[in-house]
Every structure is written in C-alpha cells, then in structure tokens.
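**Q** Got a predicted structure here, sequence first:
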Amino acid sequence: MRSLTTLAALALLACAPSEPPALPDPEPLLEQEGAVEVRPVIDMHMHAHEVPLPITEGGPAPCLPAPCEPRGEATGTPEASLQQTLKAMDEHHIVKAFVSTGDLDLLDTWVEAAPNRFMAGSAIWRPGEVPLEELKERLADGRLHGMGEIAAQLAGIPPNDPSLDPYFSLAEAYDVPVLIHTEGIGPPVPTFRVQAGSPLLLEDVLVAHPKLRLYVENAGYPFLDDMIAMMYQYPQLYADVSTITWIIPRQAFHRYLRELVEAGLGKRLMFGSDQMRWPEMIGEGIASIETADFLTEEQKRDILYHNAVRFLRLEPRDLE
Ligand SMILES: [Zn+2]
C-alpha cells in the first residue's frame, strides 16, 4: 500500500506546472563598484545594424505617437553599430544578447567579435528571402542559435500565413528560440499592417507547433488582453519588452508593464533593447525597467536577467 507521503508527492506532481523546472541560476555578482552591486543583464532583442527604413547617419531614433520629440543619433556603418553596441553592453553589464539580421555574413562578424555574448538569430523580413536550406545548415553546425526576428508583419504577412510554417517547423525541430514581431506597432513602411499583428493570430502557430519556443516582441503592444489570453492559455509563450521601453512615452510603457505583471506574467517577460542603429537606446531601455517603481527588486531582476536564463535554458557555463 502506498504511504500517505507517496500519495502527497503524487498529488503534488499532478498539479505541477507544465514548465520545466528552473535550471540552476546563481545570478553571478559581476563585481562590486564601490557600495553598488553590479548585476548581469540579458538583452533578448538586438539587431546587427539592419533597419527596415532609410536612415541617415546621425538621424534620430523613431518615436511614437506623432507628433513627438525623436532622440538619439544613428550609427553610420555596420562596424560603428557593432563597436557602439559592445561599448553599451560593457557599460550596462549585458552578458548575453540575442542579435539578428538577415545578412548572415554580418551575423557571423558580430558573433566572432564576442562569441560568448552574442547569440545569432536569422532575421526574416519576408518568407523565402533567406533560404531554408542555409538556415538548416547553420542550425546543424551551431552557427545559428535561434530564429528571428521574424518580421513578416512589415510585409503585411500575418504569423499564421502558410509561407512561414516551414520556418516554425525548422525551429521546432532544432529546439531553438524564435522571436516574432506580432503587435500593433511597427516602422512606417507602406506594407506594414496593424491587423496582421494581433497576438491571437499566433494561436494557429502554437497549436501546429506545440514545442515551439516562441517569444513575442513588445508583449504584443498594445493588444494587452489578447496577449494575456495567449500567455495564460499557452504557458510556453514568452514575451520581450523591447522597443516600447523607449519608443513610446515611458508612462504608457509602465502602464502596460504593470498590467502584465499584475496579471501574473512577471516570470515570462524579458528585457530587450531593439537598439537597431541607436545603441544609446540600450541604456534608456534598462532605465525604463529600473525606474518602474511598482516592481520589486526581484521582479526587475527577473525581467532583466532570470527569465531569459530560464527561457534560453542557459547553464552556468554558458554565462562565464
Ligand atoms: Zn526588432
């Protein structure tokens, strides 16, 4: 006969969440600067220079909603973007960053510059532009660590369009993280469609690919209720808070973040800068988390670091 303790253990197992158990995550203390403890940050959303808009060197970063006061100065060359991004990463103690571009040679250059810090993702602006065979080869030999940003919404293509399905199948087969732009905001390109950004459109994708490790840019901003519904129903779904940390008014970002955290989703939100060609936005993004006075210190650390460690399944040796 089973003992009561065994029955209690079985009952506990039966109600255990479907999430895998957290991996060891000691959160290394990087160093001590005077009396201030320096903690590591993971950036889940960077771009290697590529921007879907004509940008002039020194031009300001976009802002929303118009009319607004744009800030920042765009880098002029891929090398300047790399060097200034690395400088900002040093300054803000970013130990890992998921960086993407559709130019796979440029992606190699970034990873070679800081192999322990950059995770390589293939940006997909339009299905078919990057050959699947090449992605498969790179996933197989370890040159590619994830997929995305998938930004087909900029071409008016919703996430459940059959043309994207082979990319999801490939990412699911290789068990790698996938970043997708499915939200209500985006660059002012003529083919962008707000209606192709409803988080509800991800349902078909998640049903067809239940093992997909998907995270949604800007937590689907501003489609709050739809995003909450999707994250409640699909516990494998994560989200970043990236461009909205600096492109919209901070008050609006804080309000959105607060709603997500109060809905209980604080363990599945991850910081990203979406710096594109404005590396100074990395610091602004982090500041917008640090200044969120409704968050506890633990909640801030979750968003800036711990949630990404769990989502990426990083082990202590990956963070050395
Ligand atoms: Zn992006």
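**A** Received it, and whenever you're ready, just let me know what you need. Numbering: from 1, shown residues only.
**Q** CA atoms for contacts and neighbours, from now on please.
**A** Fine.
**Q** Return the residues in contact with the most centrally placed residue in the chain.
**A** Central residue check for the chain by CA atoms, centre = their mean: the C-alpha nearest the mean position is that of M44, 3.8 Å away. The contact partners of M44, taken as CA atoms under 8 Å, 6 or more residues apart in numbering, are A97, F98, V99, D240, M270, F271, G272, S273, A308.
**Q** Return the alpha-carbon coordinates of the longest helix along the chain using CSV.
**A** When secondary structure is assigned using DSSP state H, the longest helix within the chain turns out to be helix 78-91. The C-alpha atoms that make up helix 78-91 are tabulated as CSV, following Å, rounded to 0.1, in the frame of the first residue of the first chain:
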residue,chain,number,x,y,z
PRO,A,78,27.9,48.2,-39.6
GLU,A,79,31.2,48.4,-37.8
ALA,A,80,30.2,51.5,-35.8
SER,A,81,26.9,49.8,-34.8
LEU,A,82,28.9,46.8,-33.6
GLN,A,83,31.5,48.8,-31.7
GLN,A,84,29.0,51.1,-30.0
THR,A,85,26.7,48.2,-29.1
LEU,A,86,29.6,46.4,-27.5
LYS,A,87,30.5,49.6,-25.6
ALA,A,88,27.0,49.9,-24.3
MET,A,89,26.9,46.2,-23.4
ASP,A,90,30.1,46.7,-21.3
GLU,A,91,28.6,49.8,-19.7
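**Q** For burial, what's the neighbour tally of L106?
**A** Using other CA atoms under 10 Å, L106 is surrounded by 17 other residues.
**Q** and it, backbone torsions?
**A** Reported as degrees, to the nearest 10, the phi and psi values for L106 are phi -70, psi -40.
**Q** Now do the SS call for the residue lying closest to D165 once chain neighbours are set aside.
**A** Taking CA to CA, 6 or more residues apart in numbering as the measure, D165 lies nearest to V205, with 7.8 Å between them; neighbours along the chain are not counted. Going by DSSP: H, G, I helix; E, B strand; the rest coil, the secondary structure assigned to V205 is helix.
**Q** my guess is V205 contacts N160, does it?
**A** Yes - between V205 and N160 there is a contact at 5.9 Å, judged by CA atoms under 8 Å.
**Q** Neighbour count: those two, which is higher?
**A** Neighbours of V205 and N160, each counted by other CA under 10 Å, are more numerous for V205; the result is 20 against 17.
**Q** Please report the separation between the first and final residues of stretch 55-62.
**A** 10 Å (CA to CA, to the nearest Å).
**Q** ditto for stretch 265-276
**A** Distance between the two ends of stretch 265-276: 27 Å, counting by CA to CA.
**Q** Alright, I will stop here.
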